[in-house]
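Novice: mind folding the following:
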Amino acid sequence: MAIFAQDSQKLAERRNSMVDRQIAARGVRSKNVLQAMRTVPREKFLPQSSVDRAYDDSPLPIAAGQTISQPYIVALMTEALQLEGGERVLEVGAGSGYAAAVLAEIASEVYTIERHASLAEKAKRTLARVGYENVKVICGDGTLGWPDGAPYDAITVAAGAPVVPETLRQQLKTGGRLVIPVGDRNSHQALLRITRLGKNEFREEHLSDVRFVPLIGEAGWREKTGRGDQQGTQRTSQQALEKLPEEARLIAEAAEPFESIDSAKLDALLERIGDSKVVLIGEASHGTSEFYTMRARITQALIEKKGFNIVAAEADWPDASRINQYVRHLESPEARWQTFARFPTWMWRNREVQAFVDWLHEHNGNVAEQERAGFYGLDLYSLYTSIEAVLEYLDKKDPEAAELAREQYGCLLPWEPDPAAYGRAAASSRYKDCEGEVTAALQDLLKQRIEQANGSKTDRAEFYLDAVQNARLVANAEEYYRTMYSGYSDSWNLRDSHMFETLEALLAHHGPDAKAVVWEHNSHVGNAKGTDMPARGQLNVGQLCRERFGTDVYIIGFGTHTGTVAAADDWGDDMQIKTVRPSLERSWERLCHDTQIPRFMLPLRDPASQDLARLLSKERLERAIGVIYRPQTERASHYFGARLGKQFDEYIWFDESRAVEPLETTEVDNFPDTYPFAI
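Specialist: So this is what the prediction gives:
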């Protein structure tokens with residue numbers, strides 16, 4: 001099923017949203033650049049299979065092993081050229097032609113060089129079709145520039161060079177700017193701006209740290225062409241390992257690097273997971289795209305190759321129930337609320353989750369009903385939506401029981417605008433608590449076991465489970481709000497115990513062969529006994545699962561060094577795209593960063609050496625970003641002590657990461673009422 005209708009108006013809306021959220025929000029200020037980014041249709045420069053991801057905040061594959069650059073990087077590099085209009089510009093690395101089109105919106109003449117003949121020809125056709133007559137596409141060695149068009153007001157290079165090619169320096173006008181990534185072939189590079197001040201005088205500025213494909217050519221890197229090159233790469237890698245600090249070297253030697261999420265090989269990870277009944281997959285923030293996307297890819301493999309049939313997320317039960325009905329092709333009434341509308345909306349209502357939901361819907365449509373995987377919520381914040389769901393169920397099945405439940409829940413209704421106020425009032429003894437009433441409502445429903453008159457056996461079982469879980473949630477949520485003011489650890493423990501009990505209920509509901517994947521924050525899934533949480537009197541889902549399932553649970557954590565994240569300043573505030581500060585010294589994140597490997601999986605259950613085992617048993621700082629991120633107080637508000645080898649069975653690393661892409665309601669207009677992300 002397509003994610004959304006691919007018409008020009010919706011794509012234009014997404015393009016404007018991209019500029020606002022991904023580019024302007026991250027500091028690009030040039031009006032010329034922002035307008036160019038709003039104008040150029042990126043989808044025209046992509047393969048048809050990638051059009052629905054045109055405005056994702058990421059590079060995308062095109063052909064010949066190349067990529068179309070991340071929109072933010074295109075904007076950043078274009079702004080660095082300091083174009084005012086009317087210039088002559090040279091671009092090295094035409095690729096799809098997208099960046100050349102952005103340049104052509106500002107400059108009067110653009111020359112773009114591409115070494116792959118097939119890409120050059122396709123870029124030429126695309127640029128002509130879209131209407132850019134002021135761009136000349138050349139097939140050749142970009143490291144040598146294009147002397148026929150020199151001198152240039154500006155030169156931009158979309159690949160990483162070992163050094164700044166002198167050929168490009170000399171093709172600049174006096175006052176001209178060259179923007180180029182320079183650095184190691186297989187790691188991060190420095191984005192430099194070189195300004196020509198005179199015949200042999202240049203000024204160099206460091207703009208940012210970036211990662212590009214290597215610049216291949218006479219004045220760049222040599223192309224790998226066979227076994228000898230591969231062996232040379234291995235020797236270079238061994239040399240690089242020997243230069244690392246000892247602790248970083250131990251991590252690097254055990255790490256399993258991967259180039260991208262789509263190309264990552266998961267066979268070894270699946271073998272380590274083995275016959276586990278429960279796999280807990282975390283995230284180091286509630287707003288990082290790579291964590292969501294990699295978690296979804298692992299989950300897809302577990303469903304397809306190992307028969308997992310439960311996906312349980314740190315989400316509200318009623319909203320997840322709508323997702324479950326959709327992905328399992330169950331009959332469902334039109335809901336009277338928007339899915340995942342409660343703060344923080346971006347945590348689940350984002351393009352990364354939507355892509356997984358659409359995949360699961362399609363997958364389930366191709367397997368037998370009893371083999372379909374479901375999607376469920378574990379959290380307990382949906383107090384009043386759950387009350388409404390219980391009453392709606394009883395209204396249809398037992399009106400007398402519904403009236404009794406209304407009386408029982410009536411105790412909580414005055415506090416619907418602010419459930420936390422109920423907790424304050426109950427804690428101060430100014431108001432009678434509602435514990436007895438909501439517990440009675442749950443017990444009444446458990447005794448009923450009402451049979452649905454219509455629908456399949458699966459429908460009856462699922463909708464009864466839904467009603468019981470909502471009633472259980474109300475009882476636990478009432479206690480949660482009461483304990484909020486008696487101590488943070490009490491409410492934390494109650495919440496995680498509720499999520500674990502919900503997981504147990506789901507496993508029991510699906511029978512002895514049930515297998516569950518859990519999506520929650522690292523702080524919930526990582527074994528609390530591997531952190532400083534017990535010193536604060538706290539437990540979590542990971543600890544409870546380890547105690548209940550032993551080695552039949554496999555726990556995966558995530559981490560990042562820097563990048564961007566979707567988060568708010570405070571609870572209830574608007575979402576912002578924030579820059580993640582580089583990780584602190586003496587943290588696990590800094591240690592992973594020091595390996596100089598951009599992305600890797602790290603097996604922890606059976607360390608590769610005794611030295612690594614000793615390292616993993618030591619306590620270091622670990623970062624946790626939730627829906628709130630306060631960089632100015634990061635050490636105090638976002639770091640805690642952890643022993644990585646005790647906390648997780650596997651750790652997945654992204655040195656630089658980006659924010660999730662929130663899903664706007666308008667992007668799913670005209671979908672059927674059953675579509676879970678619609679209103």
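Novice: need the longest helix for the chain.
Specialist: Across the chain, the longest stretch assigned as helix under DSSP state H is helix 457-483.
Novice: chain center to it, what's the gap?
Specialist: 29 Å (C-alpha atoms, centre = their mean, to the nearest Å).
Novice: what packs against it?
Specialist: When contacts are defined as 3 or more C-beta pairs under 8 Å, 6 or more residues apart in numbering; DSSP states H and E, helix 457-483 sits against helix 317-327, helix 383-397, helix 419-427, helix 435-448, helix 488-510. Yep, even glycine has a C-beta here, placed from its N, CA and C like the rest.
Novice: what packs against the first one?
Specialist: What that stands for is helix 317-327. helix 351-364, strand 374-379, helix 383-397, helix 457-483.
Novice: need those in CSV with distance to Leu76, mean neighbour count and mean pLDDT, can you?
Specialist: Conversion of those to CSV gives the following (distance: least, C-beta to C-beta, whole Å; neighbours: other C-beta atoms under 10 Å; pLDDT from 0 to 100):
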stretch, distance to Leu76, mean neighbour count, mean pLDDT
helix 351-364, 22, 20, 93
strand 374-379, 37, 24, 95
helix 383-397, 42, 21, 79
helix 457-483, 44, 21, 77
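Novice: closest to Pro147 out of the ones you listed?
Specialist: Closest to Pro147 of the helices and strands packed on helix 317-327 is helix 351-364 (C-beta to C-beta; 44.0 Å).
Novice: what's in contact with that closest one?
Specialist: 1, 3, 56, 289, 292-293, 296, 299-300, 303-304, 311, 323, 326-329, 372-373, 375, 660-663, 676-677 (C-beta atoms under 8 Å, 6 or more residues apart in numbering).
Novice: mind doing that once more with 7 Å?
Specialist: With contact meaning C-beta atoms under 7 Å, 6 or more residues apart in numbering, helix 351-364 is reached by 1, 3, 56, 289, 292-293, 296, 300, 303, 323, 326-329, 372-373, 375, 660-661, 663, 676-677.
Novice: mark which of these are part of helices, please.
Specialist: Per DSSP H, the subset of those in helices is Ser289, Tyr292, Thr293, Ala296, Gln300, Ile303, Ile323, Tyr326, Val327.
Novice: who's in contact with the closest residue to Gly287 other than its chain neighbours?
Specialist: Closest residue in space to Gly287, ignoring its immediate chain neighbours: Ala566 at 3.2 Å, by C-beta to C-beta, 6 or more residues apart in numbering. Contact partners of Ala566, counting by C-beta under 7 Å, 6+ apart, are Gly287, Trp346, Met575, Ile577, Ala659, Val660, Pro662.
Novice: can I get these in a markdown table with neighbour count?
Specialist: Formatted as a markdown table, the contacts of Ala566 follow (neighbours: other C-beta atoms under 10 Å):
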| residue | neighbour count |
| --- | --- |
| Gly287 | 30 |
| Trp346 | 21 |
| Met575 | 21 |
| Ile577 | 23 |
| Ala659 | 27 |
| Val660 | 29 |
| Pro662 | 19 |
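Novice: adding distance to Arg599 and pLDDT, write the residues you listed out as CSV.
Specialist: Formatted as CSV, the contacts of Ala566 follow (distance: C-beta to C-beta, whole Å; pLDDT from 0 to 100):
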residue, distance to Arg599, pLDDT
Gly287, 19, 95
Trp346, 23, 91
Met575, 26, 92
Ile577, 21, 90
Ala659, 17, 92
Val660, 18, 92
Pro662, 24, 88
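Novice: which one of the residues you listed sits closest to Ser49?
Specialist: Using C-beta to C-beta, these come closest to Ser49 at Val660, 21.7 Å.
Novice: ok, the closest one to Lys136 distance?
Specialist: Per C-beta to C-beta, to the nearest Å, Val660 is found 39 Å from Lys136.
Novice: then Asp573?
Specialist: Taking C-beta to C-beta, one finds Asp573 at 48 Å from Lys136.
Novice: please enumerate the strands of the stretch 201-350 of the chain.
Specialist: Assigned by DSSP state E, counting those that start in this stretch, the strands in the stretch 201-350 of the chain fall at 201-210, 256-257, 278-281, 310-316.
Novice: least reliable of the ones you listed going by mean pLDDT?
Specialist: Mean pLDDT is lowest for strand 201-210 among the strands of the stretch 201-350 of the chain, at a mean of 89.
Novice: buried set for that strand?
Specialist: Neighbour-count burial for strand 201-210, with 16 or more other C-beta atoms under 10 Å as criterion, is recorded at Asp209, Val210.
Novice: hey, C-alpha coordinates of it in CSV?
Specialist: This file holds the C-alpha atoms of strand 201-210, laid out as CSV (Å, rounded to 0.1, in the frame of the first residue of the first chain):
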residue,chain,number,x,y,z
GLU,A,201,47.0,33.0,-1.4
PHE,A,202,44.1,31.0,0.1
ARG,A,203,42.1,31.1,3.3
GLU,A,204,40.8,27.8,4.7
GLU,A,205,37.7,27.5,7.1
HIS,A,206,36.4,24.4,8.8
LEU,A,207,32.6,24.4,8.5
SER,A,208,31.4,21.0,9.7
ASP,A,209,32.1,17.3,10.1
VAL,A,210,30.5,15.3,7.3
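Novice: center of the protein - which residue?
Specialist: With distances taken as C-alpha atoms, centre = their mean, the residue of the chain nearest its centroid is Ser289 (1.8 Å).
Novice: picking that back up, quick one, the longest helix of the chain and helix 317-327 angle?
Specialist: 160 degrees (axes from the mean of the first three to the mean of the last three C-alpha atoms, to 10 degrees).
Novice: can you give me the neighbour number for Val278?
Specialist: By the measure other C-beta atoms under 10 Å, the count of residues near Val278 is 23.
Novice: what of the one 5 residues further on?
Specialist: Neighbourhood size, Glu283 [other C-beta under 10 Å]: 30.
Novice: pretty sure it sits against His521.
Specialist: Yes: with contacts counted by C-beta atoms under 7 Å, Glu283 reaches His521, the gap being 5.7 Å.
Novice: what stretches of the stretch 151-300 of the chain score poorly on pLDDT?
Specialist: 186-188, 224-239 (pLDDT under 70).
Novice: can you tell me the closest non-neighbouring residue to Ala440?
Specialist: Gln408 (5.6 Å).
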